[in-house]
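> got a sequence here, can you build the structure:
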Amino acid sequence: MDRDRFVQIIAVLFAVSALVGATMLVPTINKQRRDLELSFDLQQGDNLPPKYALASALLGSFRGLAVDALWYRIERLKQQGKFNEANTLAQWITTLQPRFPQVWAFQAWNLAYNVSVKTNTPTERYDWVSKGIRLLRDEGIPKNRQSIRLYRELAWIFFHKMGKTADDMHWFYKRKLAEEWQEFLGAPTDGATTQQVLDQFAPIAKAIDRYFVLPRLTREARNELDHLIESVPEFKDGLTKVRDLTSVRVADQLDDYRNVYGRSRPDLIEKLSLLEQLIDEQSKRNNLNKLDVLYGDTPEAQSVVNSLAENGMALNEETLRRFGQMIVALRYNEPTRLVEMLVDKNETQLAMVVQLLTDESPSTQMGVNAILAYMRAKVLWENYHMDPGVMYELMEMYGPLDWRHPASHGVYWAFLGVRVSGELQDTTRIDLLNTDRNVIHGLQELMYLGKVSYDPGLTRIDLLPDPRFIPKYELAMVNSLKRIRGADFTLKKGTINEFENGHENFLIKAIVYSYLYGAEKQAAEYYAKSRNLYGDKGHNVRMGRYNMPLEDFVMSELKQDMDMQTQVVQFIDAMIGKALMEGLANGRLDVFSKFMKMSRVAFNEYTKDKLVDPKAEQARQKLGTFDQVFGNTYAKYMKAPSIELRLKAKVYANTPTVWREISYPNFRKALSQQCEARGLDFAAIFPAPPSIAEKEVVAPKDKGGKIKSQKTIQRK
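Numbering: from 1, shown residues only. Take a look at the predicted model:
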């Protein structure tokens, strides 16, 4: 055998070995491609709508060139301020490259931020912001489920565009969002505890697990997996890694255990049978009729569905919103009279809904409750692409999230993005860190303004601080720090320092808010904690920050940056406003007194070294007496046309007499005119304080029916 023949044989053997090795790696590679969702089937379109698969198939390899040209054109249009034209081209890119997250992020941002501000009315602007949200929620994320960036962008729109105050229409956004979600999910019962809020949402979470096919484990399967983690040491590490991932990933892990322990430890494999059975049952739900399962669970539901069908109503979002509208209407109307009014207007479908809601028979109520839970789960999953099971899990983890609040949605999408990141091999990306921060920012916002006070009859929304989120916010920060320490982030030390600084700032806010809202014991606990963790930091030692009683510490934090009159006036005005709207409007005299104390202390602190000389420059003058300041601020709120008369009546009814006497003359005329314009009796709703009423002289009327002035009476 010559040398050339020998080389040829060796080359053939090497090629065959490489081919066999590559073939053996194909299953592993395909599994990784599937787990990371990197595969795309042009024939089936990967479950994408036909337009995406068709566009991809027609252009073939030229698709990339077309997209490059479109991107270049979009950037030029964006620089020229032609956002609508850029948006149209971006839609083409989403059609050509539905797996390209950047274009979804750009288009959503363009709609929510750029296009929206070009419109003229609040309704138009809200519509564009909603389009940006729906683009990510309904299309972008479902087609790019593992793109953390899209979760972060969606969370940011909720958190910043709707939740913050940068947009001058932000109150309109908040009210429309509250109206939308109260209509189809209802509102938490006033004064409900955290557990009561959870109990109210639990039927929806149970319905999604019971009747729908989900990518994740059901709650029952998750509980069984947790049991295996705790009871079988051999399964702990592997199952812990896949606990929050998809059912497919869990099933793959169970298959690995069968391969490892199938022959040597059949006793361990036997313990996996229940979890495997639960996963298998869930995968077969597509072959079942959901309503048949529902009727089997709650037979009373069938008669309710039949009644709705007879009136042309299906179990969809439209019907669900009819129920929501009538639940609100029943707060203000007697049921029988409401039905009569609806029948007169030929609103027979709404009349049927009212009859079902007010039917006191146990069977009807059971049926209605089951149908409402089913419809809410269905609409959330199919129309809003939100998982009620995850929503409920968040409420258990972080507190009574109110889904009428934009920050609750921001927390949901940020949390989901962090969870999805567990399926990725690369957990060091900055997208994960930023998405994690959105969870923290959302909970911070809920701590500051998480209690929603919304009455559709008042067409007004108020966001009040909710101290219940204080410990939950801290929990999120602790969990985030654990993830940072467990991942190889660049400049990890600096990142940890940033989060620790944020934790100290949180503790300070927690101290102040707990103290302001009457939870002085909790404030003392956080004060001790902050002092122990951060009291030895250089800047705190130099300031003597923690070397003072709790009340002095609170006042010290509140008085920062109050060396200018405008800042002091703003602070006092804000504190009195909170005393009225968060204290008196809710019948909370303790909250009223707390804010009044804060405002008075700030007033005294500022004015103690100021002059009474009217010729002195304004910054050196006193603000007048505190009674004058309160009376003016109180009158400003009572005269404000933007505040509903019903809310003003609540505030006035709960105002102590001494403060009524100080403020009443300042707002009487303007408010009486507002009442007169509404056809309301001002004297009955806002009676004069006794001291003022006693001094009033009943003036006789002249021939024209007008009240004569006191001077005219005295002349006679």
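
> same for the one helix or strand Gly410 maps to, what does it pack against?
In this assignment (DSSP states H and E), Gly410 forms part of helix 406-420. With contacts taken as 3 or more CB pairs under 8 Å, 6 or more residues apart in numbering; DSSP states H and E, helix 406-420 sits against helix 148-156, helix 170-185, helix 388-398, helix 430-449. For every residue, glycine as well, the C-beta is placed using N, CA and C.

> most tightly surrounded among those helices?
Here the criterion is mean neighbour count by mean count of other CB atoms under 10 Å, and of those the winner is helix 148-156, at a mean of 26.

> other residues contacting that helix?
101-102, 104-105, 108-109, 133, 136-137, 140-141, 144, 409-414, 416-418, 420-421, 424, 429, 431-432, 434-435, 438-439, 442 (CB atoms under 8 Å, 6 or more residues apart in numbering).

> please list only the buried members of those.
101, 104-105, 108-109, 133, 136-137, 140-141, 144, 409-414, 416-418, 420-421, 431-432, 434-435, 438-439, 442 (16 or more other CB atoms under 10 Å).

> may I have the helix holding Gly410 as PDB, with CA atoms only?
The C-alpha trace of helix 406-420 is given here as PDB (Å, rounded to 0.1, in the frame of the first residue of the first chain):
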ATOM      1  CA  PRO A 406     -49.800  50.600  36.400                       C
ATOM      2  CA  ALA A 407     -47.000  49.600  38.800                       C
ATOM      3  CA  SER A 408     -48.600  46.200  39.400                       C
ATOM      4  CA  HIS A 409     -48.400  45.500  35.700                       C
ATOM      5  CA  GLY A 410     -44.900  46.800  35.600                       C
ATOM      6  CA  VAL A 411     -44.000  44.400  38.400                       C
ATOM      7  CA  TYR A 412     -45.700  41.500  36.600                       C
ATOM      8  CA  TRP A 413     -43.900  41.900  33.300                       C
ATOM      9  CA  ALA A 414     -40.500  42.500  34.900                       C
ATOM     10  CA  PHE A 415     -40.900  39.500  37.200                       C
ATOM     11  CA  LEU A 416     -41.900  37.300  34.200                       C
ATOM     12  CA  GLY A 417     -38.800  38.500  32.300                       C
ATOM     13  CA  VAL A 418     -36.500  37.600  35.200                       C
ATOM     14  CA  ARG A 419     -38.200  34.200  35.500                       C
ATOM     15  CA  VAL A 420     -37.800  33.500  31.700                       C
END
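
> list the buried ones in stretch 578-593?
Residues of stretch 578-593 classed as buried: Lys578, Ala579, Leu580, Met581, Glu582, Gly583, Leu584, Ala585, Asn586, Arg588, Val591, Phe592 (neighbour count, 16+ other CB under 10 Å).

> correction: the previous question concerned stretch 222-241.
Of the residues in stretch 222-241, those buried (16+ other CB under 10 Å) are Arg222, Glu224, Leu225, Leu228, Ile229, Phe235, Gly238, Leu239.

> need the residues you listed in CSV (columns: secondary structure and distance to Arg542).
Shown next, in CSV, are these (DSSP: H, G, I helix; E, B strand; the rest coil; distance: CB to CB, whole Å):
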residue, secondary structure, distance to Arg542
Arg222, helix, 50
Glu224, helix, 55
Leu225, helix, 52
Leu228, helix, 54
Ile229, helix, 48
Phe235, helix, 53
Gly238, helix, 51
Leu239, helix, 50
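
> let me know the closest of the residues you listed to Glu500.
Ile229 (30.6 Å; CB to CB).

> tell me the helices and strands packed up against the helix or strand where Glu75 lies.
Glu75 belongs to helix 63-79 when elements are defined using DSSP H and E. Under the contact criterion of 3+ CB pairs under 8 Å, 6+ apart, helix 63-79 touches helix 50-59, helix 83-96.
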